[in-house]
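1. Pasting a predicted model and its sequence here:
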Amino acid sequence: MRRSHEPPLWLLFGAGGLLAALLGPALILLTGIVMPVAAEHGVELLGYQSMRELLARPVVGLAVALGLGVVLCHAAHRIYHTLRDLGVRAGRGTWWACYGSAGAAALVAVGAVLTL
């Protein structure tokens, strides 16, 4: 029986799904409700300078890039398996397109964080 490359991808899929499920609603609440209400009262939350200073710290920046990376792997895994479910012949090219784009975007995120 041939060894499968699926278990590590399912691990990244689960981690990305967990982060998306936990952080997604919090980000919606923060950016959609809390920040506009605070702006009406003259308080600026998460301004550009404060976010830049926060992300300039190596540990915080790499944690954000890692979190974005696993969410991107989650999205790539979901897209790849959805294409297979829809009957699209998902061969090696499709696999490389899905996971390669997620990996490239994660590397861009790490590069962006490291240049701050």
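-> Happy to help now that I have it. Residues are numbered from 1 along each chain as shown.

2. Please name the residues that touch residue 16.
-> 70, 71, 72, 73, 74, 75, 77 (CB atoms under 8 Å, 6 or more residues apart in numbering). C-beta here means a position set from N, CA and C on the backbone, and glycine is covered the same way.

3. Neighbour-wise, which one of these leads?
-> Ranked by neighbour count (other CB atoms under 10 Å), the contacts of residue 16 have residue 73 at the top, with 25 neighbours.

4. now, which of the contacts of residue 16 lie within strands?
-> Within the contacts of residue 16, no residue falls in strands by DSSP state E.

5. With distance to residue 42 and pLDDT added, can I get these in CSV?
-> Formatted as CSV, the contacts of residue 16 follow (distance: CB to CB, whole Å; pLDDT from 0 to 100):
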residue, distance to residue 42, pLDDT
70, 37, 89
71, 33, 90
72, 37, 91
73, 41, 89
74, 38, 90
75, 37, 90
77, 44, 89
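
6. Quick one: mark the members of the residues you listed that sit in helices.
-> 70, 71, 72, 73, 74, 75, 77 (DSSP state H).

7. Now flag whichever of these is closest to residue 4.
-> For the ones in helices among the contacts of residue 16, the minimum distance to residue 4 (CB to CB) is 13.7 Å, reached by residue 77.

8. Thought residue 10 was touching that closest one, still the case?
-> Yes: Residue 77 lies in contact with residue 10 (CB atoms under 8 Å); the separation is 7.5 Å.
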